[in-house]
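Asker: next comes the sequence, and after it the predicted model I'd like to discuss.
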Amino acid sequence: MTKSGAAEKCKTHGRYTVRCLDKNGKEKWSSVIHNIICTEGKNLVLDVVFTPFGSVGRPLSHRMGLVSATGYTAIAAEDTVAGIGTTNGWDEATGLQLPDSDRRPVIWLAAAAGFKETATSSFAITASGTVKGIFMVLGDSALGQTGDTDGALWSVGLFGDGNKTVVNGDYIEGAYAVQL
C-alpha cells in the first residue's frame, strides 16, 4: 500500500462551556472544559454517518468513484460533489468502467473502537485509460450514477506512486476506513 502524500489534520474534539448564575441571573462563575470523546459516541457517529440506505433511517447510499488523470490539476479540502469535473481541478474517470447500474455500492461494517471500515467497492474496467486516485461521496440519492451531484464529497485521494494504467478486463477494488 502506498500513501498519496495528502494529509488530513481533522481530529475529533469537544468542549463544554458551563456557567453558574445566582437567583438574579448574575454570573457567579464560568468554566470551559476540554473533554474526551468516548468510543461509544464515536461508534454511534460513525454508524449513523457511514451507514447506507435502509439503515438508521437513512434513505441515501454512499459510493466510490475513480479520479481521472486527464485534466487533473489539484485536490483540496474545499472540493465538492458539484465541483467534480468543473471547479475542483479534477474529473471523475468516465468511460472506463461498466455502466453505473453494474457497480456495487459501498458496504459499511459496524464501528468498533472508534473505527469504521468498508467492504470493497468495485469497478469492472471496459476500456483503456489512466486513473489518478479514488473518491467517496456520502448520501448519493442517485445510487452512484457517474456525474451525479447529490450528496457530499467525503474524501478524495491520489495514488502515491503515480497514475495507474488500466485496460479492458481489469478490475479495481477500493476499500475505505475512517477513525475518529
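Answerer: Here it is on my side, so go on.
Asker: neighbours around Gly174, how many?
Answerer: Neighbour count for Gly174, taken as other C-beta atoms under 10 Å: 18. No exception for glycine: its C-beta is placed from N, CA and C like everyone else's.
Asker: ok, it - contacts?
Answerer: Met64, Thr120, Ser121, Ser122, Phe123, Ile134 (C-beta atoms under 8 Å, 6 or more residues apart in numbering).
Asker: do that again at 6 Å, thanks
Answerer: Counting by C-beta atoms under 6 Å, 6 or more residues apart in numbering, Gly174 makes contact with Met64, Ser121, Ile134.
Asker: check pLDDT for those residues and point me to the minimum.
Answerer: Of all the contacts of Gly174, Ser121 carries the smallest pLDDT score, 76.
Asker: verify the stated contact: that one with Phe135.
Answerer: No - with contacts counted by C-beta atoms under 6 Å, Ser121 stays clear of Phe135, the gap being 10.8 Å.
Asker: quick one: which helix or strand includes the residue nearest to the spatial centre of the chain?
Answerer: The residue lying closest to the centre of the chain (C-alpha atoms, centre = their mean) is Trp154, at 3.0 Å. Applying DSSP states H and E as the criterion places Trp154 in strand 152-158.
Asker: same question for Ala110.
Answerer: For Ala110, there is no host helix or strand (DSSP H and E).
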